[in-house]
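Visitor: Just need the structure, nothing else, for what follows:
(chains A and B)
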Amino acid sequence: MRQILELLERDAQLSPDTIATMLDLPVEQVREAISGWEASGAIRRYKAVVDWDAVDEDPTRETVTAFIDVSLAPARGVGFDDVAARIARFPEVRSVYLVSGSQDLRCTVDGATIRAVSDFVSQKLSTIDRVRSTATHFVLKTYKRDGDDFAKAEPDHRLPVTP
Amino acid sequence: MKPLNSVIAACPPSGIRRFFDIAADMDDVISLGVGEPDFVTPWRVREAGIYALEHGYTTYTSNAGLPKLRELICADLASRYGATYDPGAECLITTGVSEGLDLVLRVLLNPGDEVIVPEPCYVAYEPCVAFAGGTPVRVPTRADDGFAIDADVVATAITPNTKAILIGSPANPTGAVQPRAALEALVRLAEEHDLYLISDEIYDRLTYTGAHTCLGTLPGARERTVLLGGFSKAHAMTGWRVGWICAPAAVAELCVRVHQYTMLCAPHVSQLAAVEALSGSDDDVEAMVADYDRRRRVFVKGLREIGLDCPEPGGAFYAFPSIRASGLDSETFAEKLLQAEHVAVVPGGVFGPSGEGHVRCSYATALPQLEEALVRIDRFLRAL
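Guide: Got it, this is the predicted structure:
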């Protein structure tokens, strides 16, 4: 059953019919499993992997992404969880992790411009209670994201008919 | 001018070539005619090849090949199948199974020796036997039996001149995996008539419906069996040209002798890449095999749904559906399909008379392409 999830994680558009054939399972069983995961929240949602650099309808419009490392003062009883949850609620924050090392949280933040991201950091993030310091790293180019390669795909070098 | 070599001049060019020429001139071709993986060599293996180049491993290796690679191959055969080969005396690295087959046939055959070749089979088997001075003797197999080799039928082809039986399992072009019982019967027959068995197991890792039987591990087989294998298919390394022979020491020694005078050694960089393939690339292989299997199921089901009878292909990455319902011979079917719908398949007749009435479809192609190919073949069949 785990294989159903692995297939969907790679291509969410696969139909239950195709998955059933691929894994040699009854299609009803595949449908039920998927509905079950959707209901329980094991499958959170389905979405497209967009390479925004390849979307050229409006070249002036771009999305800026930054990794922001946050150093925190811990609080008795809650550690870092309360501050992390508070940061995560901002819609411009794409991810928040507690990490080992010299900083405590690593966040990913999206914004329309460098200015927008900077404003978010200086006015929202840094002003949260117990945030001691932040370090912002703007993304210059995406090569690979969440397992998806953003480099131009190599063409198929095979001859059309071979023995 | 004096005539050229009569055996080679009499050998017809591969029937595959003509389709290549037509398909190469077309746009929008979906090719199911490709006999190699659609995966690129896993990155860790390519990276090892780059490292080898950067560090100047651009020399010859010993004739038999890198000891480390031979050790890994023998250890892999031992752990996977329980086969026992001595990497020092019973294993050599070849420039792909193609060279391995040529070496073995040259070493085994005297002029006039016959080699029994169950067909349909890989296009090179019969020419290689002939080039080595032997005479290929075809033995038919049947789609109804899943192209299993029938030892009783093989027995009828044995003469005092028969020297060896040459088989490939899992098979190109049928995808057939020989049942263990059929192989055991072949071994008994070989013992009875003192024949060598040449077993092309290049597709050994690509089996989907049961475990692969390594011929060299069957009782009585080892002393008369030559195993051929390589990295092209399971590790997606066709262009690196690296394979191996495992055989009893007397055979292996003479194979090295021919190899040292003709090929010298397999490419050094490719051998180092192969070392990496066997050292750390098993997850990559398993992921590719799982992917082929999923596509296999979708594609075979699709062929059956559009009315083409397709024997269950248990291995390799080929389906070999019957196209008899179309009323066309396989050559005409393939040519018309290519012209009308730009889908390239290989006519079964090029793999031997028992392949007539079938076409070889490789499913080493992305799933959306396979699905589109099925739509086009369906349209082609309806328009007939």
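
Visitor: Close to chain A: what parts of the stretch 101-250 of chain B are there?
Guide: B:122, B:123, B:124, B:172 (CB under 8 Å from any CB of the partner chain). In this view, the C-beta of every residue, glycine as well, is placed from N, C-alpha and C.

Visitor: farthest pair in those residues?
Guide: B:124 and B:172 (9.8 Å; CB to CB).

Visitor: more crowded one of the two?
Guide: Between residue B:124 and residue B:172, counted using other CB atoms under 10 Å in any protein chain shown, residue B:172 has the larger neighbour count: 27 against 17.

Visitor: what number of residues lie near residue B:126?
Guide: Other residues near residue B:126 come to 22 when the count uses other CB under 10 Å.

Visitor: Surely it touches residue B:136?
Guide: Yes: the pair residue B:126 and residue B:136 passes the contact test of CB atoms under 8 Å, sitting 4.1 Å apart.

Visitor: Give me the common contacts of the two.
Guide: Each of residue B:117 lies in contact with both residue B:126 and residue B:136 under the rule CB atoms under 8 Å, 6 or more residues apart in numbering or on different chains.

Visitor: which residues of the chain fall in strands?
Guide: Using chain A here. For chain A, applying DSSP state E gives strands covering A:64-72, A:93-98, A:105-111, A:131-138, A:144-145, A:148-149.

Visitor: Wait, chain B was what I had in mind.
Guide: Under the criterion DSSP E, strands of chain B are mapped to B:30-31, B:91-94, B:114-119, B:135-140, B:162-168, B:196-200, B:225-230, B:243-246, B:318-319, B:343-344, B:346-347, B:359-362.

Visitor: which neighbours does the longest one have in its sheet, and in what orientation?
Guide: Right, the one you point to is strand B:162-168. strand B:114-119 (parallel), strand B:196-200 (parallel) (DSSP bridges).

Visitor: One more: the first one?
Guide: Here strand B:30-31 is paired, per DSSP bridges, with strand B:343-344 (parallel).

Visitor: Can you tell me how far residue A:92 is from residue B:316?
Guide: Using CB to CB, to the nearest Å, one obtains 51 Å as the distance from residue A:92 to residue B:316.

Visitor: State which helix of chain B is the longest.
Guide: helix B:282-305 (DSSP state H).

Visitor: which residues touch residue B:85?
Guide: Applying CB under 8 Å, 6+ apart as the definition, the contact partners of residue B:85 turn out to be B:74, B:77, B:78, B:91, B:216, B:227, B:246.

Visitor: repeat for residue B:376
Guide: B:30, B:337, B:341, B:342, B:343.

Visitor: 6 Å instead, please
Guide: Applying CB atoms under 6 Å, 6 or more residues apart in numbering or on different chains, we find residue B:376 in contact with B:341, B:343.

Visitor: biggest separation within the contacts of residue B:85, which pair?
Guide: Put simply, by CB to CB the two of these set farthest apart are B:78 and B:227, 12.5 Å from each other.

Visitor: These two: who's more crowded?
Guide: Shown here are residue B:78 and residue B:227; by other CB under 10 Å, residue B:227 has more neighbours (29 against 13).

Visitor: that older thread, export the contacts of residue B:85 to CSV and append columns for pLDDT.
Guide: Written out in CSV, the entries for those read as follows (pLDDT from 0 to 100):
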residue, pLDDT
B:74, 98
B:77, 98
B:78, 98
B:91, 98
B:216, 95
B:227, 98
B:246, 98
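
Visitor: Closest one of those to residue B:65?
Guide: The shortest separation between residue B:65 and any of the contacts of residue B:85 is 7.9 Å, and it belongs to residue B:91 (by CB to CB).

Visitor: rewinding a little: now the buried members of the contacts of residue B:85.
Guide: Neighbour-count burial (16 or more other CB atoms under 10 Å in any protein chain shown) applied to the contacts of residue B:85 gives B:74, B:77, B:91, B:216, B:227, B:246.

Visitor: Can you report how many residues lie near the spatially closest residue to residue A:82 that is not a sequence neighbour?
Guide: Beyond its immediate neighbours in the sequence, the residue positioned closest to residue A:82 (CB to CB, 6 or more residues apart in numbering or on different chains) is residue A:75, lying 7.0 Å away. Residue crowding around residue A:75 was assessed by other CB under 10 Å; the count is 13.

Visitor: Spit out the contact partners of the residue lying closest to residue B:304 once chain neighbours are set aside.
Guide: Using CB to CB, 6+ apart and skipping residues adjacent in sequence, the residue nearest residue B:304 is residue B:310, 5.7 Å away. Residue B:310 sits next to B:300, B:303, B:304, B:319, B:321 when contact means CB under 6 Å, 6+ apart.

Visitor: same check, this time on residue B:128
Guide: Applying CB under 6 Å, 6+ apart, we find residue B:128 in contact with B:101, B:102, B:105.

Visitor: pLDDT wise, what is it at?
Guide: The predicted local confidence for residue B:128 comes out at a pLDDT of 97.

Visitor: if I look at it, how far off is residue B:16?
Guide: Counting by CB to CB, the gap between residue B:128 and residue B:16 amounts to 16 Å.

Visitor: And the helices in chain A?
Guide: Counting by DSSP H, chain A has helices at residues A:2-10, A:16-23, A:27-40, A:81-88, A:114-119.

Visitor: Is it possible to get a markdown table of those helices that adds mean neighbour count and mean pLDDT?
Guide: As requested, the helices of chain A are arranged in a markdown table below (neighbours: other CB atoms under 10 Å in any protein chain shown; pLDDT from 0 to 100):
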| stretch | mean neighbour count | mean pLDDT |
| --- | --- | --- |
| helix A:2-10 | 13 | 94 |
| helix A:16-23 | 20 | 96 |
| helix A:27-40 | 14 | 97 |
| helix A:81-88 | 16 | 93 |
| helix A:114-119 | 14 | 94 |
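
Visitor: Around chain B, which positions in chain A sit nearby?
Guide: Listed as neighbours of chain B in chain A under the rule CB under 6 Å from any CB of the partner chain: A:21, A:22, A:158, A:160, A:161, A:162, A:163.

Visitor: Fine by me, we can end here.
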